[in-house]
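Q: attaching a predicted model along with its sequence, questions to come.
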Amino acid sequence: MSEPPPAIRIFVDADACPVKTEIYRVAERHGLAVLVVANSPIAVPRDDFVQRIVVPSGPDAADDWIAERAARGDIVVTADVPLAARCVKAGAQVITPAGKPYTENSIGMALATRNLLDQLRSSGEVTGGPKPFSARDRSAFLQELDRSVLRSKRAASA
């Protein structure tokens, strides 16, 4: 008798994540577990498939919690590039809230760009902030999340 495929989990770096409602809808439709990770209690639906994880406050505590658990087949939603790099290395699929996927091919450049901008800000340069979140970003996220779920399901059944 063969073992059932591992359950697909969606890890949400929840602080300032603007697409939590969309994640819950997609997860419910596909029967996936959602782990919402934050440094302070945040409201989550009272559904069995959603689990709220409150980590101790401190730098990168939520990131560390996610990175230590995310594995091949899982999906991680985060705008944090260093966390994304750690999760991609572990084999997880990573998506930004704006729908941009990070892959083994793209994460190196994303990290380099993030580090360069961080250095410029540290030296007093004004680099501007992220662009405002838009309806187009939300739509791109939903499309990419659906694609990621289907990839994980195909990989789990192969």
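A: That came in fine, so what should we check first? Numbering: from 1, shown residues only.

Q: longest helix anywhere in this structure?
A: Ranked by number of residues, the top helix in the chain under DSSP state H is helix 135-157.

Q: that one packs against which elements?
A: In this structure, helix 135-157 makes packing contacts with helix 20-30, strand 75-77, strand 93-95, judged by 3 or more C-beta pairs under 8 Å, 6 or more residues apart in numbering; DSSP states H and E. The way it works is simple: take the backbone N, C-alpha and C, and place the C-beta from them, glycine included.

Q: same list, these, but as JSON lines with mean pLDDT please.
A: Output for the helices and strands packed on helix 135-157, formatted as JSON lines (pLDDT from 0 to 100):
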{"stretch": "helix 20-30", "mean pLDDT": "96"}
{"stretch": "strand 75-77", "mean pLDDT": "97"}
{"stretch": "strand 93-95", "mean pLDDT": "96"}
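
Q: how about the spatially most central residue of the chain: what's its closest non-neighbour residue?
A: The centroid of the chain falls nearest to Val77 when counting by C-alpha atoms, centre = their mean (1.4 Å). The shortest distance from Val77 to any non-neighbouring residue, by C-beta to C-beta, 6 or more residues apart in numbering, is to Val12 (5.0 Å).

Q: surely that neighbour meets Ala33?
A: No: contact status for Val12 versus Ala33: not in contact, 11.1 Å apart, counting by C-beta atoms under 8 Å.

Q: just the CA trace of the longest helix of the chain, in PDB.
A: Listed next in PDB are the C-alpha coordinates belonging to helix 135-157 (Å, rounded to 0.1, in the frame of the first residue of the first chain):
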ATOM      1  CA  ALA A 135      -6.500  45.400  -8.000                       C
ATOM      2  CA  ARG A 136      -4.200  44.200 -10.800                       C
ATOM      3  CA  ASP A 137      -1.700  42.900  -8.100                       C
ATOM      4  CA  ARG A 138      -4.500  41.100  -6.400                       C
ATOM      5  CA  SER A 139      -5.600  39.500  -9.600                       C
ATOM      6  CA  ALA A 140      -2.000  38.500 -10.500                       C
ATOM      7  CA  PHE A 141      -1.700  37.000  -7.000                       C
ATOM      8  CA  LEU A 142      -4.800  34.900  -7.400                       C
ATOM      9  CA  GLN A 143      -3.700  33.600 -10.800                       C
ATOM     10  CA  GLU A 144      -0.200  32.700  -9.500                       C
ATOM     11  CA  LEU A 145      -1.600  31.000  -6.400                       C
ATOM     12  CA  ASP A 146      -3.900  28.800  -8.500                       C
ATOM     13  CA  ARG A 147      -0.900  27.900 -10.700                       C
ATOM     14  CA  SER A 148       1.200  27.100  -7.700                       C
ATOM     15  CA  VAL A 149      -1.500  24.900  -6.100                       C
ATOM     16  CA  LEU A 150      -1.900  23.000  -9.400                       C
ATOM     17  CA  ARG A 151       1.900  22.500  -9.700                       C
ATOM     18  CA  SER A 152       2.100  21.200  -6.100                       C
ATOM     19  CA  LYS A 153      -0.800  18.800  -6.600                       C
ATOM     20  CA  ARG A 154       0.700  17.500  -9.800                       C
ATOM     21  CA  ALA A 155       4.100  17.000  -8.100                       C
ATOM     22  CA  ALA A 156       2.400  15.300  -5.100                       C
ATOM     23  CA  SER A 157       0.600  12.800  -7.300                       C
END
